[in-house]
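Engineer: take this sequence and fold it.
(one chain, ligands or ions: 2)
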Amino acid sequence: MLNLNWNYHSHTLYTDGSHTVEEIASYCDGHGIKEIAITEHVKRELSYDFDALLSDIKHANSKFKVNIITGLEAKILPDGTLDCTEEIKSKVDIVIGSVHSLNGMDQYGAYEKLARSDCMIIGHPQLCSDKIIASMVSTGKIVELSARYDQQDDMIMAFKEAGLLFSIGLDSHKLSELDDFDRVKEMIQNFGLQDRLWKFTKNS
Ligand SMILES: [Zn+2]
Ligand SMILES: [Zn+2]
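Structural biologist: Numbers count the residues shown, from 1 in each chain. Ligands and ions are numbered 1, 2, ... in the order given. Purely as a prediction, here's the structure:
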């Protein structure tokens, strides 16, 4: 029986989520979630105080029975870098890179750049090619199983065949989405990914 109790992609009131870090931590504590990553949207020009977010996480970590990991989600830019400063990147444990606004790139081109970028996890991937997968393998990317975006069966199979590891990232914006594992559970079972799930360790 597959028991999922971690979620490596969530948002808070600092950006477009609906709850504070403390509300998220309290919900996780009460619902058996052992590990959660707060992966706020960032950009080079931040519109909120990232250090205040980190201090909320530290506080909630000491108050609730859930391991809260620091993270961020940044979009890929046409120049192949993430829309994020090195300083903010150095302050977190999990860096998710995503294709959001294309800024003139085509989708394949955007995923090719993302696959070669210095993110750790590819956020909610929606397409791939042999070339994209080869880059993901050579840069050691982890690919996200998403509860929010449609993901094609043949893409998930291609990731599996390439030997990539999968991150469970529900992209939660509301409390009820923090432990809504049904869809990713179904994918894990359908594609036999039970032993291919990535778990965070401090040195990964
Ligand atoms: Zn995203
Ligand atoms: Zn997100």
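Engineer: and the one residue in the chain that gets nearest to ligand 1, how many residues sit next to it?
Structural biologist: Using C-beta to the ion, residue 98 is the residue of the chain that sits closest to ligand 1, at 4.1 Å. Where C-beta positions appear, they are placed from N, C-alpha and C, glycine not excepted. Per other C-beta atoms under 10 Å, the neighbour tally for residue 98 reads 25.
Engineer: tell me the secondary structure at residue 69.
Structural biologist: strand (DSSP: H, G, I helix; E, B strand; the rest coil).
Engineer: didn't it look like it was pressed against residue 34?
Structural biologist: No - with contact defined as C-beta atoms under 8 Å, residue 69 does not reach residue 34; the gap is 11.2 Å.
Engineer: more crowded one of the two?
Structural biologist: Between residue 69 and residue 34, residue 69 has the larger neighbour count (other C-beta under 10 Å), namely 19 against 14.
Engineer: the more buried one pairs with what?
Structural biologist: Residue 69 forms beta bridges with residue 37, as assigned by DSSP bridges.
Engineer: contacting residues around it?
Structural biologist: 8, 35, 36, 37, 38, 93, 94, 200 (C-beta atoms under 8 Å, 6 or more residues apart in numbering).
Engineer: same thing but 10 Å
Structural biologist: Counting by C-beta atoms under 10 Å, 6 or more residues apart in numbering, residue 69 touches 6, 8, 35-39, 57, 61, 92-94, 200, 202.
Engineer: next one: it from residue 31, what distance?
Structural biologist: Counting by C-beta to C-beta, to the nearest Å, the separation of residue 69 from residue 31 is 17 Å.
Engineer: so which bits of this protein are right by ligand 1?
Structural biologist: Proximity of the chain to ligand 1, by C-beta under 5 Å from the ion, involves residues 98, 123.
Engineer: low-confidence stretches in the chain?
Structural biologist: Flagging of the chain using pLDDT under 70 yields the residue ranges 203-204.
Engineer: what does it put close to ligand 2?
Structural biologist: Listed as neighbours of ligand 2 in the chain under the rule C-beta under 5 Å from the ion: 73, 171.
Engineer: which one's the longest helix in the chain?
Structural biologist: Longest helix in the chain by number of residues (criterion: DSSP state H): helix 50-63.
Engineer: other SSEs contacting that one?
Structural biologist: Helices and strands touching helix 50-63, by 3 or more C-beta pairs under 10 Å, 6 or more residues apart in numbering; DSSP states H and E, are helix 21-30, strand 35-41, strand 67-75, helix 86-90.
Engineer: point out the most buried one among these.
Structural biologist: strand 35-41 (a mean of 24; mean count of other C-beta atoms under 10 Å).
Engineer: that one vs helix 50-63, what angle?
Structural biologist: Interaxial angle, strand 35-41 versus helix 50-63 (axes from the mean of the first three to the mean of the last three C-alpha atoms, to 10 degrees): 170 degrees.
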